[in-house]
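Visitor: only geometry, no sequence info:
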């Protein structure tokens, strides 16, 4: 039992204990501290109490969300591995006798990015690629859904965050050589005090070569090998830091909880790890592999061993540290970046050490970096840490890593507004010409190119559709094979403000729509649930109902969730909390990359169709903001119809009937059409003649709502009208809306808009923020 | 308007200095230790008393957990030191200092300072510094070196 | 026996895989050579310095790599007429190593691919480069047609050619300006250049014509699936577009 400094619990009153916890920088509550002392039968040591503080933080334990997340469907024919480990795996297809899986992981790095945007965002990318790597996978793509505050003022912290986070994502991804193929960005005052930097990473792995984040069977006595950067004092308290609200007064102190990224070292570690995978494969060795994230060495080694049903004993003196005389709790729990942990048989250890230390010369790449044995798997289900001659931690491993649950209050969920699709919310009858340019120039619609042109979208040479080329990015990651992977993200904060549940369902549908728009079949989903303080019943209720929304949409589309992340406490002391932000990423698969559908219009004289059904409800839409209509409800979401829209598009694309396609989202059908014309501007512009909307809505819907409402669906370009209509004859929600013409205009009934002028309105707004 | 010069160094291990040291030794330059810092030379219309506070508020330049800031008396490299400046880069205050800039600062020149030490901890001689500059630290096509 | 090509991997290189794949797909006997095996480089007949951030571009892009032990073999080989192609970071290394334009001593750079202008930021943009020399002036481009137009991706923060005015004149007069940025129709003007590069320079060649340095990446727009809208004849997986430069390289190695 630990002899060193203990954290006094016994004999203290609740208020004294709370004060002491605060002084030690602990986020653990008094009841949790007492539970620890009761179970251990003594006061915990300082190291132990910090270990529990990290492991029982929301970030590690999902204590307010784990029981809710069980509602999400996680099974299906496409699932190779569900959400048990750091990343899920979806079945992409077969090639030369191997079953290929796409690994997907999704995480947030919100708090760090708000405080130190460059480092926060960069380490976000660094962390998510490790989650993918440790499944034994090659890292093949990243994506970055971003939410920033108001950036109009060049002097504001919000502008600094919006620029710094993008620089950080770019600097890290570019350096490690992984293409950034998808992402989105929204700007809203509700993100002024809490930006969201979510990151998604994809990997590629053969099913037979998956490595698990668990000590393998019969691994008692195997070595625990730490790989990477020398442990320093950065990132101590990181897990707890992301599990409380940000307090502006603490901002400088918080900067210390942010880790320092080293993408150069990571580039080398990734390549060395690929070499280690190769060695293990060649020799038929099963090993355990996991990245170090929240909870540092302690969290990673404890989870690896407890998942295998074992305990562990780790000697902190063997850890490569950057400084002398670091306190044991900082070595054990600090979140220094660029580290991974192997569990390997002792006779294999010398080879693993040789690969990292000699072949890839980690010690020459960064001072103190290396691979080193720090401990061993033990049979006794205890987690033991040694430092010097002392045992500084000795606790039951299941108690440390096991599931805990916070009792939290939930409000009565708000009733879902029933919407009559025919009821109008716009009073006056405006001409489309009065709003078209405003919609295209709206901060949520305008071109994102000024931002993502800083990201390498094409490194690895596998890119089929880079950012901006369509609704989803597409890569062909298996060399010599026509298999292709699509990736999209969705999560509209304007919807989240109005109705968390429907917004969540819409995130699922929109992300699936986006991969379908490139002709890919949605294979599976991940989510990052970004919400306010769960101790506030109103915000906790949003989380609860949002998970219901995700679950119902996921079931309806037959697209399971295979991994995810929860980020709570996105709330400032002044009460400014983010809107419900369930952000969803969708992976799509194509058996043949030749059947990819792209967004630009292809030729003149083709027919445009709208696959979907316009509604009058414009709540949460860009149009509502432009018109200043705030009270309108979100459009009704018919999940069955949404699935049929996707199936119709995929079926028609499979028949080769679709020349180009674009999912309808922010800014509605007319915005989608405009974006399809913009990409043709670099050659001979193709224009569009749209029919009067009352023709394709049978006059049931207002013109503005039909053109700019966000009722979902797709706009598609079709050459063979007869075959397409025959193909769609059983599906009533397909409407001919116009045709392509050889003039550079978009004509809506009588109005003609110059495409170049529209393009300028769309292309300009973000160039000021992202020069 | 006053000219003020500061050096911003890293508190955390400086991998770039580590690499440069290794490379210089490989090139036969006799250097035992190497330090790196970013030098800023400002034209400042503001008050000297809150100068450091104003600079430290600029998040692009300074993060107290990563950096240490030193106000330099001399606007010139010290003995054993070279300052490398990118040609044509010093006219862009906004570009250097990020969107917020720094109140009172109207001009900013940026240098990378390399400080070379010989075996017994003393500053390296001018010949050694010059050797390091011509062999590695400065590309004269795009940079200019000042030697202390 | 066919000529063997080494694709060099420095610590920080990140484009070795696609470079290797393309070289092999156009019939070159190509192999990755990692920094821990620098001593084996002498046995290869030609070299590619691929893209990435060798040694994290510490000090300057390409500066540390130019002095890496791996470059001893490359510089030695180049002086003996072996073919060397530097792409992106590899081009920066070739300049820092003094291999291109090659008018001065080795490892005494006379120019640089440096920070983009006017916006000093990383830019990822599809471009075209146009051959600005007689094809046979450079062994690696000898198989290309006159005025060849090659699609590629610019993906760099430091791709602007900078040198003194006098040296820029020397680069032009010596026929070192191998590639310039162009539009899709082959026209050349300042707006085609993504990074403010002097003379619209996208690539440089040495006097002997055996070392070519090119900033944008032809190997990232090199298979039909990379550009479905510009797909050429043949399988969707077939090399095309930017592969033209590697095909010409393959011919030179035959």
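Guide: Right, received. Where do you want to start? Just so we're clear, the structure is a prediction, and the values are computed from it rather than from any experiment. Numbers count the residues shown, from 1 in each chain, chains lettered A, B, ... in the order given.

Visitor: wait, isn't residue A:747 in contact with residue A:691?
Guide: No - counting by C-beta atoms under 8 Å, residue A:747 does not reach residue A:691; the two are 9.9 Å apart. Yep, even glycine has a C-beta here, placed from its N, CA and C like the rest.

Visitor: Could you point out the helix or strand that follows the longest helix anywhere in chain B?
Guide: Under DSSP state H, the helix in chain B containing the largest number of residues is helix B:15-26. Using DSSP states H and E, the next helix or strand after helix B:15-26 towards the C-terminus is strand B:33-44.

Visitor: Tell me which residues are up against the next helix or strand after that next one.
Guide: The element immediately downstream of strand B:33-44 (helix or strand, assigned by DSSP H and E) is helix B:51-56. Identification of contacts with helix B:51-56 by C-beta atoms under 8 Å, 6 or more residues apart in numbering or on different chains yields B:4, B:6, B:40, B:42, B:44, B:46, B:61-62, B:64, B:69, B:71, B:102-105.

Visitor: same thing but at 10 Å, please
Guide: Applying C-beta atoms under 10 Å, 6 or more residues apart in numbering or on different chains, the external contacts of helix B:51-56 come out as A:252, B:2, B:4, B:6, B:8, B:40, B:42, B:44, B:46-47, B:61-64, B:67, B:69-71, B:97, B:102-105.

Visitor: what's the overlap in contacts for residue A:747 and residue A:691?
Guide: residue A:738.

Visitor: now residue A:670: how far from residue B:117?
Guide: For residue A:670, the distance to residue B:117 (C-beta to C-beta, to the nearest Å) stands at 67 Å.

Visitor: Compare neighbour counts for these two and give me the winner.
Guide: In terms of neighbours (other C-beta atoms under 10 Å in any protein chain shown), residue A:670 is the more surrounded of residue A:670 and residue B:117; the figures are 30 against 16.

Visitor: How about the regular element (helix or strand) spanning residue A:123 and chain B, touching?
Guide: Applying DSSP H and E as the criterion places residue A:123 in helix A:117-133. Yes - using C-beta under 10 Å from any C-beta of the partner chain, helix A:117-133 comes into contact with chain B via A:117, A:118, A:119.

Visitor: and which of these is nearest residue A:634?
Guide: residue A:117 (31.3 Å; C-beta to C-beta).

Visitor: Give me the distance between that closest one and residue A:337.
Guide: Taken as C-beta to C-beta, the span from residue A:117 to residue A:337 is 16 Å.

Visitor: And residue A:281, by the same measure?
Guide: Here the distance between residue A:281 and residue A:337 works out to 27 Å (C-beta to C-beta).

Visitor: Pick out whichever of the two has more residues nearby.
Guide: Each of residue A:281 and residue A:337 has its neighbours counted (other C-beta under 10 Å); residue A:337 has more, 25 against 14.

Visitor: Report the contact partners of the more buried one.
Guide: Contact analysis of residue A:337 by C-beta under 10 Å, 6+ apart lists A:119, A:122-123, A:126-127, A:130, A:228-229, A:232, A:234-235, A:258-263, A:265-266, A:292-293.

Visitor: my guess is residue A:49 is in a helix, correct?
Guide: Yes - looking at residue A:49 with DSSP: H, G, I helix; E, B strand; the rest coil, it is inside a helix.

Visitor: Am I right that it is in contact with residue A:7?
Guide: Yes - the pair residue A:49 and residue A:7 passes the contact test of C-beta atoms under 10 Å, sitting 4.1 Å apart.

Visitor: Name the residues contacting each of the two.
Guide: A:20, A:21, A:24, A:26, A:28, A:33, A:36, A:37, A:43.

Visitor: Mind checking which of those are buried?
Guide: Buried members of the shared contacts of residue A:49 and residue A:7, counted by 16 or more other C-beta atoms under 10 Å in any protein chain shown: A:20, A:21, A:26, A:28, A:33, A:36, A:37, A:43.

Visitor: about what we covered before: could you dump the shared contacts of residue A:49 and residue A:7 to JSON lines with secondary structure and pLDDT?
Guide: Shown next, in JSON lines, are those (DSSP: H, G, I helix; E, B strand; the rest coil; pLDDT from 0 to 100):
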{"residue": "A:20", "secondary structure": "helix", "pLDDT": "95"}
{"residue": "A:21", "secondary structure": "helix", "pLDDT": "94"}
{"residue": "A:24", "secondary structure": "coil", "pLDDT": "91"}
{"residue": "A:26", "secondary structure": "coil", "pLDDT": "91"}
{"residue": "A:28", "secondary structure": "coil", "pLDDT": "93"}
{"residue": "A:33", "secondary structure": "helix", "pLDDT": "96"}
{"residue": "A:36", "secondary structure": "helix", "pLDDT": "96"}
{"residue": "A:37", "secondary structure": "helix", "pLDDT": "96"}
{"residue": "A:43", "secondary structure": "coil", "pLDDT": "96"}
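
Visitor: Which two of the residues you listed have the greatest separation?
Guide: A:24 and A:37 (14.5 Å).

Visitor: Quick one: neighbours of residue A:598, just the number.
Guide: For residue A:598, the neighbour count with other C-beta under 10 Å is 24.

Visitor: Run through the residues that contact the residue lying closest to it once chain neighbours are set aside.
Guide: Nearest residue to residue A:598, sequence neighbours excluded (C-beta to C-beta, 6 or more residues apart in numbering or on different chains): residue A:470, at 5.3 Å. Residues in contact with residue A:470, defined by C-beta under 10 Å, 6+ apart, are A:182, A:464, A:486, A:488, A:514-515, A:517-519, A:596-600, A:660-663, A:675-676, A:679.

Visitor: Appreciated, that's everything.
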